[in-house]
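Engineer: 3D, please:
(one chain, ligands or ions: 1)
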Amino acid sequence: MAEPTDELVLGCRPAPAGPDGCASAAPSGGGPAVPDATAPAGPPVSDPVAPAGPAAGASAAAGFVPPASLADFAELARAVLPGDVWDFVAGGSGAETTIAANRAALDRVAVLPRVLTGVDPRTEAALPGGTYALPVAVAPMAYQRLLHPDGELGLAAAARTAGVPYVASTLGSTPIEEITAAGGSLWFQLYWLRDRGLVADLLDRAHAAGCAALMVTVDVPVLGRRLRDLRNGFALPPQVTAANLPGGRDDLAHQGTPGVSAVAVHTGAVFAPALSWADLAWLRERTRLPLLVKGVLDPRDAVRAAEAGADAVVVSNHGGRQFDGAPATATMLPEVVAAVADRCAVLLDSGVRSGTDVLRALALGAAGVLVGRPLLWALAAGGRAGAEAALALLAAELRDALTLTGCADPAAARHLRTLTGG
Ligand SMILES: Cc1cc2nc3c(=O)[nH]c(=O)nc-3n(C[C@H](O)[C@H](O)[C@H](O)COP(=O)(O)O)c2cc1C
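Structural biologist: Reported below is the predicted structural model:
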């Protein structure tokens with residue numbers, strides 16, 4: 001990852017961190033959906049989510065001059081975030097070898113372009129919850145109000161503008177009902193809790209709130225050992241809470257102790273450590289929503305999930321935050337795709353940083369991808385406007401990648417040949 005420079009030459013200068021440890025809110029604005037690279041630099045623009053309706057497609061991104069790449073948002077975020085929050089987001093588990101492996105594996109994937117195809121590509125794609133503007137979903141990510149006061153509402157609004165699903169985390173700092181009320185396509189991500197009554201309540205709430213799909217995360221029986229958080233004694237600031245889990249011991253996540261990650265203590269207290277295939281069967285029985293199983297790496301597990309009725313598996317190592325030493329997702333993707341054949345869709349997650357990466361994933365057989373940290377960095381840098389700029393950039397990059405490889409649409413990209421090793 002690029003180191004931040006003293007002089008920020010890309011994008012607007014982000015707002016300083018507020019006294020509460022969050023980056024401070026910026027004024028509201030509206031404008032065209034595609035960020036205007038020629039607009040003068042100005043303060044990040046933020047607009048608490050407008051209700052769905054005629055204005056729902058309007059963008060708050062005008063006035064936010066996006067950097068040239070998604071990865072560049074990291075520099076902007078690092079300049080405004082408190083160090084421990086930066087580490088919580090950017091870090092992984094152990095020696096962070098899996099984080100590095102994710103990137104290296106994607107970089108090794110070369111895609112063979114086709115020529116003279118005479119196409120003007122479209123980016124729409126079918127995903128389990130419907131047809132979306134891009135083969136992309138916003139990955140579920142906890143505690144988004146840590147990054148910016150716009151929090152989940154800001155990132156969900158950006159997803160709505162971009163026409164992609166927003167996956168709301170069990171550990172969101174805004175209740176799911178508030179996010180769905182703002183419109184857009186919302187998927188709910190379930191962490192399996194020790195208290196099955198609470199799991200059932202969350203499912204009922206997700207259904208009642210109108211979520212379009214359910215994503216169960218299966219790679220967090222316990223939180224990975226995230227050394228940065230341990231060294232920082234990381235704890236949530238008082239105003240950032242586990243808003244979907246009232247009475248869920250979230251006091252534990254706020255108790256700062258040197259050498260201890262309060263977030264890990266909290267999840268240890270509330271997450272079920274021994275999730276099994278029987279639990280997945282129970283879940284499949286309880287919902288008619290499209291079911292995605294996130295955190296699969298072994299093709300045998302992918303096949304079993306498909307046989308258990310999953311509509312999709314998400315090949316993910318949690319962005320290198322869980323088992324350090326797990327293989328890169330781009331390495332495992334082709335085997336998983338081959339093993340499940342057409343039994344269910346396969347999505348790729350972990351390390352996606354550009355439209356080229358999306359194309360690489362498609363060419364390796366994925367139906368789509370989840371994008372994580374870059375969107376949190378963009379949220380930190382400019383609230384909703386920053387996140388809108390990041391998703392607009394990703395859309396433009398994907399369109400370019402499709403054009404340059406002669407693909408009419410994301411489905412066509414799945415027929416491209418790939419070579420690993422350059
Ligand atoms: C700060 C942060 C919080 C996360 N919280 C969750 C979560 O609540 N549920 C979940 O399934 N995954 C969570 N993840 C993992 C993401 O969904 C995703 O798998 C990962 O970020 C993808 O890797 P990338 O960041 O390299 O794109 C989180 C990731 C980050 C960085």
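Engineer: how about the helices in the stretch 51-200 of the chain?
Structural biologist: With DSSP state H, counting those that start in this stretch, the ranges of helices along the stretch 51-200 of the chain come out as 73-80, 83-90, 97-108, 151-162, 176-181, 196-208.
Engineer: Please identify the deepest-packed of these.
Structural biologist: When neighbours are counted by mean count of other CB atoms under 10 Å, the highest per-stretch mean among those falls to helix 151-162, a mean of 27. Placement of C-beta: from N, CA and C, glycine included.
Engineer: Now for the nearest residue to Asp298 once chain neighbours are set aside: which residues touch it?
Structural biologist: What sits nearest to Asp298 in space, not counting adjacent residues and going by CB to CB, 6 or more residues apart in numbering, is Met332, at 7.7 Å. For Met332, the contact set (CB atoms under 8 Å, 6 or more residues apart in numbering) comprises 297-299, 315.
Engineer: wait, what's in contact with the nearest residue to Asp279 once chain neighbours are set aside?
Structural biologist: Nearest in space to Asp279, with sequence neighbours left out and distances taken as CB to CB, 6+ apart, is Trp192 at 6.3 Å. Under the criterion of CB under 8 Å, 6+ apart, the contact list for Trp192 reads 199, 216, 218, 271-272, 275, 279.
Engineer: Might one say that Ala310 is in contact with Val346?
Structural biologist: No: using CB atoms under 8 Å, Ala310 is not in contact with Val346, being 10.3 Å away.
Engineer: average pLDDT across stretch 120-136?
Structural biologist: For stretch 120-136, the mean per-residue pLDDT is 96.
Engineer: List the buried residues in it.
Structural biologist: Of all the residues in stretch 120-136, those buried under the rule 16 or more other CB atoms under 10 Å are 121, 123, 125, 127-129, 132-136.
Engineer: so of these, which ones are in strands?
Structural biologist: 125, 127, 132, 136 (DSSP state E).
Engineer: And the helices of the stretch 51-200 of the chain: which comes nearest Gly320?
Structural biologist: The minimum distance between Gly320 and the helices of the stretch 51-200 of the chain falls on helix 97-108, with 3.4 Å, by CB to CB.
Engineer: that older thread, put the buried members of the contacts of Met332 into a ChimeraX selection.
Structural biologist: Here is the ChimeraX selection string for the buried members of the contacts of Met332, based on 16+ other CB under 10 Å:
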select :297,299,315
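Engineer: export the contacts of Met332 to a markdown table and tack on distance to Thr405 and pLDDT?
Structural biologist: Output for the contacts of Met332, formatted as a markdown table (distance: CB to CB, whole Å; pLDDT from 0 to 100):
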| residue | distance to Thr405 | pLDDT |
| --- | --- | --- |
| Leu297 | 27 | 98 |
| Asp298 | 30 | 98 |
| Pro299 | 27 | 98 |
| Val315 | 22 | 98 |
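Engineer: Check which helix or strand Glu388 maps to.
Structural biologist: For Glu388, the enclosing helix or strand under DSSP states H and E is helix 373-404.
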